[in-house]
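Colleague: Based on what follows, work out the 3D shape:
(2 chains)
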2 protein chains.
Amino acid sequence: MLHEDPDVLTANAAFYRAFADRDLDAMDALWARSARVACIHPGWRALHGRDAVMESWRSILGSSDAPDIVCSGESVIPGETVAVVLCVESLRGGSLAATNVFVREGGEWRIVHHHAGPIAPGGDTGGDAEPPRFLN
Amino acid sequence: MLHEDPDVLTANAAFYRAFADRDLDAMDALWARSARVACIHPGWRALHGRDAVMESWRSILGSSDAPDIVCSGESVIPGETVAVVLCVESLRGGSLAATNVFVREGGEWRIVHHHAGPIAPGGDTGGDAEPPRFLN
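Modeller: All right, here's what the predicted structure looks like:
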């Protein structure tokens, strides 16, 4: 059931705060250490493993082109050991949908997978019958 | 830790088989009933709720333009009540990355969230330092 779980929403907010602050140490601390992590930045290839994922954050957070992102519309798929936060990332030029997966490690929720990709203008809604843009 | 969980991989395979077979009844049966579902088709808006999600599948599976999709490269974020399968969807014209979230309902893994979006040519890898395509 999608409802709010304060703990995992706190971890999700910390992820976007680390991004906003360009704080690589905070970002590193938020990502899981025991679980194998993965990350899909918009339009990039899927990254697997902590080295590749943290290298991507080093590149993004160290870039003057890194966008300012505001997270909104959070909803939670709650679980005991794995939980998921769905949200919208608003930035200059449009919106991205994000699926953020968290795992419990040492009593904390740590992010194990981030998937962000473009969504149609109008953002996050029940939606009309607009066709998806498959690649054919 | 990302490793294989036969049960949730079986459910993930059934999702792609329902897509390949254009089988709306099978697709309907695979989606959670107690948990609130969500779905992000490529380039579309995020859909929340069973009515909106199933209407989208009715539209996609009933269309002669629905792509043929081959799923590969599955990895699992295992959990007791929530589990996630990451995979690559190959179709004419390119590849999509998919994040599929499953919940336990009545002893079965049912899909509660599907997020698919474009990835760069070359698919699914540890990757080089190619910048993500933010919308600015």
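
Colleague: what number of residues lie near A:V8?
Modeller: Number of residues near A:V8 (other CB atoms under 10 Å in any protein chain shown) recorded here: 24. The C-beta positions use only the backbone N, C-alpha and C, and glycine is treated the same way.

Colleague: which SSE is the residue in chain A positioned nearest to chain B in?
Modeller: Across chain A, no residue is closer to chain B than A:G117, which sits at 2.8 Å (CB to the nearest CB). Taking DSSP states H and E as the criterion, A:G117 maps to strand A:108-118.

Colleague: Remind me what the helix ranked longest in chain A packs against, helices and strands.
Modeller: With secondary structure taken from DSSP state H, chain A has its longest helix at helix A:6-20. With contacts taken as 3 or more CB pairs under 8 Å, 6 or more residues apart in numbering or on different chains; DSSP states H and E, helix A:6-20 sits against helix A:24-30, strand A:70-77, strand A:82-91, strand A:94-105, strand A:108-118.

Colleague: Need those in CSV (columns: distance to B:A13 and mean pLDDT).
Modeller: Converted to CSV, the helices and strands packed on helix A:6-20 look like this (distance: least, CB to CB, whole Å; pLDDT from 0 to 100):
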stretch, distance to B:A13, mean pLDDT
helix A:24-30, 32, 98
strand A:70-77, 21, 96
strand A:82-91, 20, 96
strand A:94-105, 20, 95
strand A:108-118, 20, 96
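
Colleague: Using JSON lines, please lay out these together with mean neighbour count and distance to A:V53.
Modeller: Output for those, formatted as JSON lines (neighbours: other CB atoms under 10 Å in any protein chain shown; distance: least, CB to CB, whole Å):
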{"stretch": "helix A:24-30", "mean neighbour count": "16", "distance to A:V53": "10"}
{"stretch": "strand A:70-77", "mean neighbour count": "18", "distance to A:V53": "19"}
{"stretch": "strand A:82-91", "mean neighbour count": "23", "distance to A:V53": "17"}
{"stretch": "strand A:94-105", "mean neighbour count": "24", "distance to A:V53": "13"}
{"stretch": "strand A:108-118", "mean neighbour count": "23", "distance to A:V53": "8"}
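
Colleague: Next, A:A66: phi, psi?
Modeller: For A:A66, the backbone dihedrals (degrees, to the nearest 10) come out as phi -60, psi 130.

Colleague: neighbours of it, just the number please.
Modeller: Here the count is done by other CB under 10 Å, and A:A66 has 19 residues near it.

Colleague: Nearest residue to it in space, ignoring adjacent ones along the chain?
Modeller: The shortest distance from A:A66 to any residue other than its chain neighbours is 5.3 Å, reached at A:I60 (CB to CB, 6 or more residues apart in numbering or on different chains).

Colleague: Assign a three-state SS to that neighbour, would you?
Modeller: Of the three states, A:I60 takes helix under DSSP: H, G, I helix; E, B strand; the rest coil.

Colleague: Distance of A:H48 relative to B:Y16?
Modeller: If you measure A:H48 against B:Y16 using CB to CB, to the nearest Å, the figure is 20 Å.

Colleague: Mind checking which of the two has more residues around it?
Modeller: More neighbours surround A:H48 than the other of A:H48 and B:Y16, with 22 against 18 (other CB under 10 Å).

Colleague: Tell me the pLDDT of the more buried one.
Modeller: Note for A:H48: predicted pLDDT of 96.

Colleague: what does A:D128 give?
Modeller: What the model reports as pLDDT for A:D128 is 46.

Colleague: pretty sure A:G49 contacts A:A35?
Modeller: No. Counting by CB atoms under 8 Å, A:G49 stays clear of A:A35, with 11.1 Å between them.

Colleague: more neighbours, these two?
Modeller: Taking other CB under 10 Å, A:G49 and A:A35 do not tie; A:A35 has more neighbours (24 against 15).

Colleague: Does that one belong to a helix, a strand or coil?
Modeller: Here A:A35 is recorded as coil under three-state DSSP.

Colleague: Let me see the contact set for the closest residue to A:R17 other than its chain neighbours.
Modeller: Computed as CB to CB, 6+ apart, the closest residue to A:R17 that is not its neighbour in sequence is A:A26, at 7.3 Å. Counting by CB atoms under 8 Å, 6 or more residues apart in numbering or on different chains, A:A26 touches A:A14, A:R17, A:A18.

Colleague: How much space separates A:A26 from A:A13?
Modeller: From A:A26 to A:A13 the distance is 12 Å (CB to CB).
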